[in-house]
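J.: Below is the sequence, then the predicted model.
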Amino acid sequence: MILISSCLAGLKVRYNGTDSLDERIQRLMLENKAVTVCPELMGGFSTPREPAEIVGGDGEDVLDGKARVVEKSGRDVTELYIKGAYATLHKALEVGATKVILKEYSPSCGSAMIYNGDFNGTKLVGVGVTTALLRRNNIAVFSEEDVSELLLQI
């Protein structure tokens with residue numbers, strides 16, 4: 001079983017109430033090969049919600065207590081992101097997922113790039129909180145940009 005970001009399957013759960021539909025990913029769900037998750041909703045957020053970025057590092061640093069996740073208004077929401085990451089890990093273990101496809105650039109889900117924490121659209125190399133936790137638990141995380149490669153393995 002594969003775990004996929006709900007927004008990539010077409011569910012309108014992103015911070016601004018939209019989705020990031022990728023029909024290849026949606027097809028995995030419709031074929032019962034994947035289960036959807038949204039770490040932010042599992043952490044206690046609602047939709048829509050204020051945008052957030054990691055300040056002071058990436059998801060690895062957040063898990064190590066060296067960085068935090070902050071909303072644009074300045075509210076620290078680190079604990080909710082960590083809660084969502086652990087809920088996603090629990091779901092992955094529950095369904096026996098060995099591969100996860102998450103939304104790139106997200107402070108939860110980014111698997112190669114995230115926003116830099118200045119809310120100016122600048123991206124940097126790094127991972128989101130959920131990706132960091134899943135990888136620490138030997139679960140492979142891919143982004144929607146890696147889907148073609150992943151589909152060859154299924």
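T.: Cool, the structure landed.

J.: buried residues in the least confident helix or strand in the chain by mean pLDDT?
T.: The element with the least model confidence among the helices and strands of the chain, by mean pLDDT, DSSP states H and E, is helix 147-151, at a mean of 74. For helix 147-151, the neighbour count (16 or more other C-beta atoms under 10 Å) marks 147, 150 as buried. All C-beta atoms are positioned from the backbone trio N, CA, C, and that covers glycine.

J.: Likewise for stretch 97-104?
T.: 97, 99-104.

J.: how long is it end to end?
T.: 19 Å (C-alpha to C-alpha, to the nearest Å).

J.: got the contact list for that stretch?
T.: Taking contacts as C-beta atoms under 8 Å, 6 or more residues apart in numbering, the residues outside stretch 97-104 that touch it are 1-5, 7-8, 14, 20, 25, 34-35, 39, 88, 91-92, 108-113, 128, 130-131, 134, 139-147, 150, 153.

J.: which SSE is the residue nearest to the spatial centre of the chain in?
T.: Closest to where the C-alpha atoms of the chain average out (C-alpha atoms, centre = their mean) is Cys109, at 2.0 Å. Assigned by DSSP states H and E, Cys109 belongs to neither a helix nor a strand.

J.: all helices of the protein, in order?
T.: With helices called from DSSP state H, the chain shows them at 23-30, 39-43, 59-63, 78-95, 129-136, 147-151.
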